[in-house]
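Asker: Dropping the sequence and predicted coords here.
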Amino acid sequence: MTIDEIREQISEEISIDMEVWNDVLNNTSPGNYGCDFWESEIDYGNIFVDIPKREFTVKNGNFSADLVMGASKGDHSFNENYNKPFSATGKFDFKNAKQIMITEISIDIDSDIYGE
């Protein structure tokens, strides 16, 4: 398995991990809203891998979500775009000779929906 294949799999796993992004959204402020859509983007060149330590670092990722503010108010709700850069650190392990799995991840992102 090449380092580029490892980077690609890390990027894919982070991008589809609902638990990770639900945690991010649950810790934003203000809270109590719905989410119609979310997406994370990571360029493979911004993933740094230490194979012997089985650790990785992500720089310059981007996370965006379409939030429904005041969702419980029905017709008075409105959509708000949450679009923030993020970085991440984590650990991975090999499932087999062709697959990795992320075992730990920490996302660093501005939790203020309205922050710059």
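Answerer: Received, thanks. Numbers count the residues shown, from 1 in each chain.
Asker: Let me see the contact set for R54.
Answerer: Each residue near R54 by CB atoms under 8 Å, 6 or more residues apart in numbering is listed here: 91-94. Heads up, the C-betas are built off the backbone N, CA and C, glycines and all.
Asker: I misspoke; the intended subject was L25.
Answerer: With CB under 8 Å, 6+ apart, L25 has these contacts: 35, 38, 65, 67, 82.
Asker: right, and the fourth one touches G31 too?
Answerer: No: between L67 and G31 there is no contact, the gap being 10.1 Å when judged by CB atoms under 8 Å.
Asker: Neighbour count: the two, which is higher?
Answerer: Between L67 and G31, L67 has the larger neighbour count (other CB atoms under 10 Å), namely 21 against 10.
Asker: what comes up buried for the host helix or strand of the more buried one?
Answerer: Here L67 sits within strand 55-69, counting by DSSP states H and E. For strand 55-69, the buried set under the neighbour-count rule, 16 or more other CB atoms under 10 Å, comprises 56, 58, 61, 63, 65, 67.
Asker: ok, the closest residue to the fourth one other than its chain neighbours to A88 distance?
Answerer: If you skip the residues right next to it in sequence, F63 has S40 as its closest partner in space, 4.8 Å away by CB to CB, 6 or more residues apart in numbering. Distance of S40 to A88, computed by CB to CB, to the nearest Å: 10 Å.
Asker: again, but for H76
Answerer: In terms of CB to CB, H76 sits 36 Å off from A88.
Asker: Between these two, which is the more surrounded one?
Answerer: Under the criterion of other CB under 10 Å, the comparison of H76 against A88 puts A88 first, with 21 against 9.
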